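>>> no sequence for this one, just the structure:
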């Protein structure tokens, strides 16, 4: 059967078929390798960002109010106000008033919807 086809046609067809059979698996492997490298780079970057954030959190939590306000680059009058605000505790959390009187956020079974 193949002897009926001339070599001039068989040779280019065989080369093309071999190239197609080699190209697509190589392309698939390259794409999966690229995805793996991108995922590794993203994970490395997120770990680096988290470490930097932890370092900053440690510095802030161990600093006193005057040092925190001085780092902001405020004027002397603004620094005094900043220190006063940092040292004063908040009287109430910001979301007070949205919960029932007993502080429970769960609706009781006999309670009517609002």
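Thanks, I have it. Values in this document were obtained by computation on a predicted structure and should not be read as measured data.
>>> which residues of this protein fall in helices?
Secondary structure of the chain (DSSP state H): helices located at 7-62, 65-71, 76-87.
>>> Can you lay out those as CSV showing mean neighbour count?
From N, CA and C alone the C-beta is placed, and that goes for glycine too. Shown next, in CSV, are the helices of the chain (neighbours: other Cβ atoms under 10 Å):
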stretch, mean neighbour count
helix 7-62, 10
helix 65-71, 15
helix 76-87, 12
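>>> Need those helices in TSV (columns: mean pLDDT).
Formatted as TSV, the helices of the chain follow (pLDDT from 0 to 100):
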stretch	mean pLDDT
helix 7-62	88
helix 65-71	83
helix 76-87	85
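>>> how close does the closest residue to residue 74 other than its chain neighbours get to residue 37?
Excluding the flanking residues, the one nearest residue 74 by Cβ to Cβ, 6 or more residues apart in numbering is residue 82, at 5.8 Å. As judged by Cβ to Cβ, to the nearest Å, residue 82 and residue 37 stand 46 Å apart.
>>> From residue 25, how far out is the residue nearest to residue 74?
Per Cβ to Cβ, residue 82 is found 63 Å from residue 25.
>>> repeat for residue 66
As judged by Cβ to Cβ, residue 66 and residue 25 stand 65 Å apart.
>>> Residue 74 now?
Distance from residue 74 to residue 25, by Cβ to Cβ: 63 Å.
>>> circling back to that earlier point, just checking, the residue nearest to residue 74 touches residue 72?
Yes - Residue 82 lies in contact with residue 72 (Cβ atoms under 8 Å); the separation is 6.7 Å.
>>> centroid residue for the protein?
A centroid search over the chain (Cα atoms, centre = their mean) returns residue 46, at 6.6 Å, as the residue closest to the centre.
>>> Let me see the contact set for it.
Listed by Cβ atoms under 8 Å, 6 or more residues apart in numbering, residue 46 has no contact partners.
>>> Repeat that for residue 34.
Residue 34 makes contact with no residue, according to Cβ under 8 Å, 6+ apart.
>>> still on that earlier bit, distance of the residue nearest to residue 74 relative to residue 66?
Remark: distance between residue 82 and residue 66 (Cβ to Cβ) = 9 Å.
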